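Colleague: no FASTA, just this:
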């Protein structure tokens, strides 16, 4: 199923069950994630996707949207710093990527062509995260 065909639907619709409203004492992040589940997928911006991916919410639906952006601009500054969406994506669990092997392969191809100098300015540990993702999604020999 092509999850990008559902851009007019929300995560609450696509990823049941619908979440109940957060409690009165919920953190800003929890309230934000709950609110994002009610936004049509086509209206989610880079910062929204970074939040959902980093919180591991509905990854089969949000990872394809994130990868679509990353294929065009791998080091996109979604909210915090250059490459933050990329690092959230490569940190997604292997089980999520197992559902999206073609996207993982396409992202890997882009990552392996990034200039070393561009990766060097990312936060500490980013080079290892990117290399680990690339190794896990390398084509079989």
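Modeller: Received it, and whenever you're ready, just let me know what you need. Just so you know, these numbers come straight off a predicted model, no measurement behind them.
Colleague: List the contacts of residue 76.
Modeller: 46, 69, 70, 82, 83, 85, 86 (Cβ atoms under 8 Å, 6 or more residues apart in numbering). Where you see a C-beta, it was placed from the backbone N, CA and C, and this is true even at glycine.
Colleague: Go through those residues and name the one nearest residue 129.
Modeller: Ranked by distance to residue 129 (Cβ to Cβ), the contacts of residue 76 are led by residue 86 at 8.9 Å.
Colleague: Could you give the number of residues near that closest one?
Modeller: 30 (other Cβ atoms under 10 Å).
Colleague: The residue nearest to residue 58 when sequence neighbours are not counted: what's it in contact with?
Modeller: Spatial nearest neighbour of residue 58, chain neighbours left out: residue 15 (4.2 Å); criterion: Cβ to Cβ, 6 or more residues apart in numbering. By Cβ under 8 Å, 6+ apart, residue 15 lies in contact with 37, 57, 58, 60, 61.
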